[in-house]
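Q: No letters, just coordinates:
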């Protein structure tokens with residue numbers, strides 16, 4: 001365990017803005033702030049705060065002439081603090097803000113100065129940028145007057161490119177008017193772009209901008225490039241590739257064009273857009289825009305297929321193309337383009353970046369000219385190959401999550417054999433240097449194995465093939481902050497935790513994908529199923545807030561929310577219309593409030609939630625049941641079942657959430673309407689699904705309607721009713737008994753698909769059931785369904801279905817057990833929003849004798865260590881860190897349990913007897929005796 005930092009007073013230690021991964025380009029007129037505190041005093045608390053925002057700092061660093069001043073506000077709130085200046089934020093300007101807080105003694109302290117940079121808050125939802133229309137249709141200036149009104153609040157740049165659909169380089173040489181104080185670039189390039197300044201990457205980002213429905217929304221990205229700007233001439237460069245915007249199949253794999261599963265390009269011209277905002281010390285502000293004065297040429301990467309296929313000819317690479325001394329005399333003038341239909345919106349979610357480096361644990365020459373490198377870990381990756389050879393020599397790179405008995409890359413699913421044969425990159429060497437490095441510019445995949453064909457290792461071969469000097473790979477994922485970990489004294493459990501982590505991390509990008517290899521789609525069920533799990537290990541607020549934008553864009557005029565957002569491909573039937581997927585529009589806002597204490601998304605999502613509930617009203621059967629979707633997808637591979645149980649429960653939860661949002665937003669009539677509506681569904685659910693006659697079983701239970709006229713008693717049916725508070729209170733113990741009986745009847749086998757599975761784990765963790773033995777028995781089954789079977793067969797991530805040879809081996813939808821490891825094994829659960837108060841329920845009732853972990857909660861780091869290794873079920877030593885501003889409810893085995901409590905920074909040892917112990921903020925060592 002790490003040690004907590006002890007400070008002597010109440011200090012502000014970090015600040016942020018809800019829903020933003022970065023803060024360079026904010027395009028709204030209101031934001032919500034949050035901050036964390038630290039103090040060594042267990043009784044220290046914030047009693048008031050004051051937030052000040054200004055575009056001006058004095059010479060001594062103080063904020064002057066504020067555009068927003070909350071004044072002193074009494075209260076202990078540290079999150080969801082609304083900042084809405086009268087008249088809005090100034091466009092294209094730095095805004096500086098501080099929070100001053102007062103403690104219970106009246107002492108005050110002020111945070112360091114925070115900053116954000118705005119773009120154009122009042123134009124982001126209006127007309128798109130000035131475009132090529134002015135080239136040949138100057139009369140449009142008469143039609144669209146708003147393009148030219150208030151120019152300081154409008155985008156000025158032009159979408160540019162070469163008019164083609166192959167990757168391009170763009171460059172602009174700048175002679176600045178002096179030494180700038182700050183330089184900000186606001187830019188977008190579709191499908192993806194990499195920005196550079198004077199030969200240096202503008203940031204660590206890759207795959208900018210985020211994936212969206214480009215007909216509705218196009219994200220732009222903000223970069224602070226001040227430290228990369230030189231005196232004299234500077235060059236800004238952009239490398240633009242296809243992505244999903246103008247997907248390029250070439251002769252490679254692209255998701256099959258099934259009749260009901262089509263992909264249609266958003267655009268046919270790769271395009272780029274930029275404004276370079278140069279700020280000088282004297283207050284002058286210069287804006288340099290993308291326009292036909294930029295130069296363009298084709299890229300050395302002449303195929304950029306988002307499904308991990310690229311072609312690169314190193315001989316065509318213009319070395320130094322984004323530096324000042326480069327001769328671009330033979331480059332063409334950029335063409336002004338119409339650009340995408342979608343409106344520009346700031347990339348609010350964290351960027352995608354490269355993380356861990358994987359060095360192969362094994363390399364094999366499988367046969368002459370074919371090399372296979374085993375990275376030891378399956379995950380989402382971007383490879384890096386260093387090779388040498390003569391000019392024109394070529395090698396091919398393939399990727400796979402599986403290798404066959406012959407040692408070569410393998411796609412086990414015959415329906416996706418193309419992924420084995422038609423996903424590859426061809427790299428042609430320039431032959432100018434001893435070694436040439438290649439890494440894909442605009443694509444990635446999920447792989448453990450990298451196969452290189454047409455090459456040899458140094459010391460092998462006859463010299464006719466290129467030599468491969470090294471192969472490594474970088475893990476690619478969202479830059480969302482890593483928040484926590486958990487480990488136990490059981491090796492197989494730790495291996496499963498590790499596999500879940502890599503699977504989760506490999507599916508978090510600009511939205512939550514379900515696999516980074518064969519699909520890369522934004523299926524929505526994983527967002528709500530895995531939100532409680534991911535929030536323990538990543539700061540997901542901004543990602544899920546952006547997913548809500550995608551959902552709102554994808555909603556259809558009928559009110560239907562489709563199963564996927566962005567709707568990259570159009571699906572049909574229940575693959576398009578299923579409330580366990582589309583219900584994310586109502587489920588995510590409540591989860592953002594619960595786990596991050598923010599209601600910032602309520603207003604933008606509310607109308608969409610109402611429309612979706614009205615749509616679902618038309619799908620009701622038998623007075624209130626919903627049973628037209630996919631049911632418990634993933635059981636028996638993909639068979640839908642438990643439709644009425646699952647889909648009606650989600651419908652009920654959506655209605656409850658809408659009522660909660662209505663109350664928060666002050667819509668009293670709506671709150672009453674949706675509360676009554678939910679009550680009706682509650683009654684209807686029990687009328688049709690609850691069995692109380694005790695004919696078959698000695699307790700009340702829920703049946704499915706899978707086989708009309710018969711009654712079953714499944715774990716999933718009981719779990720859905722229990723977890724969604726659909727069980728009448730006086731029958732709860734009976735339904736819990738029915739659940740346990742069904743689990744015993746199954747032989748502790750996971751008889752559930754991806755939806756029901758999450759609620760099995762949640763029910764097994766409930767105090768009224770509390771059966772961790774069943775959880776671990778289920779996970780350890782010898783035959784499928786079994787999570788541990790994956791690991792015993794050498795897998796390092798989770799598979800899509802309960803199959804040994806599965807098409808996708810980095811699917812996170814079966815990983816909902818990850819939540820159990822944090823909420824039950826480690827024992828950390830929020831009681832109030834954002835962990836303002838939280839419960840610690842140590843794992844006394846498990847086989848674990850040691851569990852350690854931490855969670856960086858919104859108020860600070862929670863740390864827990866549980867140790868009884870000297871004697872199982874004997875005395876327990878625990879250490880617990882309770883963040884400043886929070887309280888911990890420690891749940892003990894029973895009323896006779898005794899605890900010795902020592903708070904660090906105090907020599908006093910306190911004694912406690914009872915089933916519950918309240919811990920105030922601080923760091924504790926506890927000795928617990930039953």
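A: Yep, it's here. Quick caveat: nothing in here was measured; it's all calculated off a predicted structure.
Q: strands paired with the longest strand belonging to the chain, and their directions?
A: When the chain is scanned for its longest strand (criterion: DSSP state E), the result is strand 370-388. Applying DSSP bridges, strand 370-388 is found paired with strand 362-367 (antiparallel), strand 436-438 (antiparallel), strand 445-453 (antiparallel), strand 467-478 (antiparallel).
Q: which is the next helix or strand following that strand?
A: Once the chain leaves strand 370-388, the next helix or strand it forms, by DSSP states H and E, is strand 394-400.
Q: Outside of that next one itself, list whatever touches it.
A: 308, 381, 383, 385, 387, 389, 409-411, 420, 423-429, 445-455, 465-466, 468 (Cβ atoms under 8 Å, 6 or more residues apart in numbering). Heads up, the C-betas are built off the backbone N, CA and C, glycines and all.
Q: buried set for it?
A: Buried residues in strand 394-400, counting neighbours by 16 or more other Cβ atoms under 10 Å, are found at 394-395, 397-400.
Q: Same check on stretch 728-739?
A: 731-732, 734-739.
Q: Equivalent analysis for stretch 315-327, please.
A: Buried-residue list, stretch 315-327, by 16+ other Cβ under 10 Å: 317-318, 321-323, 326.
Q: Closest to residue 781 out of those residues?
A: residue 317 (52.6 Å; Cβ to Cβ).
Q: Which parts of the stretch 1-150 of the chain are helices?
A: 133-136, 140-143 (DSSP state H, counting those that start in this stretch).
Q: and those, which one's lowest on average pLDDT?
A: Out of those, helix 133-136 stands lowest, with a mean of 46 (criterion: mean pLDDT).
Q: can you tell me which residues contact residue 910?
A: 900-903.
Q: Those in strands, which ones?
A: 900-903.
Q: Just the buried ones from these, in PyMOL syntax?
A: Applying 16+ other Cβ under 10 Å to those leaves a buried subset, and the PyMOL line that selects it is:
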select buried, resi 901+903
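Q: Tell me where the model's unsure across the stretch 101-250 of the chain.
A: Scanning the stretch 101-250 of the chain for pLDDT under 70 picks out the ranges 124-149.
Q: let's see 50
A: 126-127, 131-136 (pLDDT under 50).
Q: and what of the chain?
A: In the chain, residues with pLDDT under 50: 1-7, 126-127, 131-136.
Q: So it: which segments form each domain?
A: 11-118, 133-349, 354-478, 497-826, 837-929 (automatic domain parsing).
Q: Format the ones you listed as JSON lines; extra columns: distance to residue 490.
A: Converted to JSON lines, the domains of the chain look like this (distance: least, Cβ to Cβ, whole Å):
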{"stretch": "domain 11-118", "distance to residue 490": "33"}
{"stretch": "domain 133-349", "distance to residue 490": "35"}
{"stretch": "domain 354-478", "distance to residue 490": "20"}
{"stretch": "domain 497-826", "distance to residue 490": "8"}
{"stretch": "domain 837-929", "distance to residue 490": "7"}
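Q: Deepest-packed of the ones you listed, please.
A: Comparing the domains of the chain by mean neighbour count (mean count of other Cβ atoms under 10 Å), domain 497-826 comes out on top with a mean of 21.
Q: start to end distance for that one?
A: 12 Å (Cα to Cα, to the nearest Å).
Q: go on, stretch 25-35?
A: By Cα to Cα, one end of stretch 25-35 lies 21 Å from the other end.
Q: so which of the domains of the chain comes closest to residue 488?
A: domain 837-929 (4.9 Å).
Q: What is the end-to-end distance of the closest one?
A: 25 Å.
Q: Strands of the stretch 701-850 of the chain, start to end?
A: 701-702, 828-830, 837-840, 850-857 (DSSP state E, counting those that start in this stretch).
Q: Which helix or strand contains the residue nearest to residue 187 when sequence neighbours are not counted?
A: Nearest residue to residue 187 in three dimensions, chain neighbours excluded: residue 274, at 3.9 Å (Cβ to Cβ, 6 or more residues apart in numbering). Using DSSP H and E, residue 274 sits within strand 271-279.
Q: Moving along the chain from that strand, name the first helix or strand you hit.
A: Downstream of strand 271-279 (by DSSP H and E), the next one is strand 285-289.
Q: SS state for the closest residue to residue 915 other than its chain neighbours?
A: Leaving aside its chain neighbours, residue 915 sits nearest to residue 895 (4.9 Å; criterion: Cβ to Cβ, 6+ apart). Three-state assignment for residue 895 (DSSP: H, G, I helix; E, B strand; the rest coil): coil.
Q: Contact partners for residue 895?
A: 913-915.
Q: and which of the residues you listed is nearest to residue 555?
A: Among the contacts of residue 895, residue 915 lies closest to residue 555 (Cβ to Cβ), at 47.3 Å.
Q: Doesn't residue 344 belong to a strand?
A: Yes. Applying three-state DSSP, one finds residue 344 inside a strand.
Q: thinking it is in contact with residue 157, fair?
A: No. The criterion here is Cβ atoms under 8 Å, and residue 344 misses it with residue 157 at 9.9 Å.
Q: Reformat the contacts of residue 910 as TSV; add distance to residue 188.
A: Listed next are those as TSV, based on distance: Cβ to Cβ, whole Å:
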residue	distance to residue 188
900	60
901	55
902	56
903	52
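Q: Next, give me the two most distant ones among the residues you listed.
A: Of all the pairs that those form, the one spanning the most space (Cβ to Cβ) is 900 and 903, at 11.4 Å.
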